[in-house]
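Enquirer: got a predicted structure here, sequence first:
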Amino acid sequence: MRTLATAAFALGICLAPALAQDAPAPRPRMGDRLPRLEERFDRALRLTEAQKASVKEIRAKHRPALEALRAKAETAHKAFSEAMKNPEAKPEDLRPLHRAQADANLDLLLEHRAQRMEIRALLTPEQREKAARLLGRMEGMRMRHPGGAPR
């Protein structure tokens, strides 16, 4: 019995430093990184001051809708995820939750697209081409590193 107590004590001493370490910092959410990404995007396209002002207005106009749709998509995702964890959930219970999640994600994507189309209309042909390349690269990165999709 004494040996078991000694072993438990020794194990506790060994694990104490590991347990005392700080948890890794949470990964910044896209909303936290968005201003920096927008700034880099605008700089890469070499927007004029007039274009910058117009783009800023367009983004401000769409921001409330995007935030609401993002929250709706997140809520739908959580509801579906919780239902999937329930071993008693039937497929007929899961289908409407999945559909709601898919619809919320589509609504969010369509609002992003509407914003992009308004911004695109302000760009010169050269800027449009460069924007398409940049967006294609960003989409490729998102496909290699899943988790950037709406939640």
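Expert: Great, that's in hand. Numbering: from 1, shown residues only.
Enquirer: contacts, neighbours, all on C-alpha from now
Expert: OK.
Enquirer: tell me the mean pLDDT for the longest helix seen in the chain?
Expert: As assigned by DSSP state H, the longest helix anywhere in the chain is helix 49-85. In this model, helix 49-85 has an average pLDDT of 96.
Enquirer: name the SS class of residue 47, please.
Expert: Using DSSP: H, G, I helix; E, B strand; the rest coil, the structure places residue 47 in coil.
Enquirer: can you report how many residues lie near it?
Expert: Close neighbours of residue 47, defined as other Cα atoms under 10 Å, add up to 17.
Enquirer: ok, it - contacts?
Expert: Listed by Cα atoms under 8 Å, 6 or more residues apart in numbering, the contact set of residue 47 is empty.
Enquirer: if we can go back for a sec, list the buried ones in the helix or strand that comes right after the longest helix of the chain?
Expert: Using DSSP states H and E, the helix or strand that follows helix 49-85 in sequence is helix 91-122. If you call a residue buried by 16 or more other Cα atoms under 10 Å, then helix 91-122 has these buried ones: 94, 97-98, 100-101, 104-105, 107-109, 111-112, 115, 119-120, 122.
Enquirer: any low-confidence regions in the protein?
Expert: Within the chain, the ranges that satisfy pLDDT under 70 run 1-32, 138-151.
Enquirer: returning to that earlier point: now the two most distant members of the buried residues of helix 91-122.
Expert: Taking Cα to Cα as the measure, these span a maximum distance of 42.9 Å, between 94 and 122.
Enquirer: pull the contacting residues for residue 111.
Expert: 62, 65-66.
Enquirer: related to what we said a few turns ago, tell me the one of the buried residues of helix 91-122 nearest residue 77?
Expert: Here the nearest of the buried residues of helix 91-122 to residue 77, counting by Cα to Cα, is residue 101; it sits at 5.6 Å.
Enquirer: the residue nearest to the closest one when sequence neighbours are not counted and residue 116: what is the separation?
Expert: Ranked by Cα to Cα, 6 or more residues apart in numbering and with sequence neighbours excluded, the top spatial neighbour of residue 101 is residue 76, at 4.8 Å. Separation of residue 76 from residue 116 (Cα to Cα, to the nearest Å) stands at 24 Å.
Enquirer: how close does residue 63 get to residue 82?
Expert: Distance from residue 63 to residue 82, by Cα to Cα: 28 Å.
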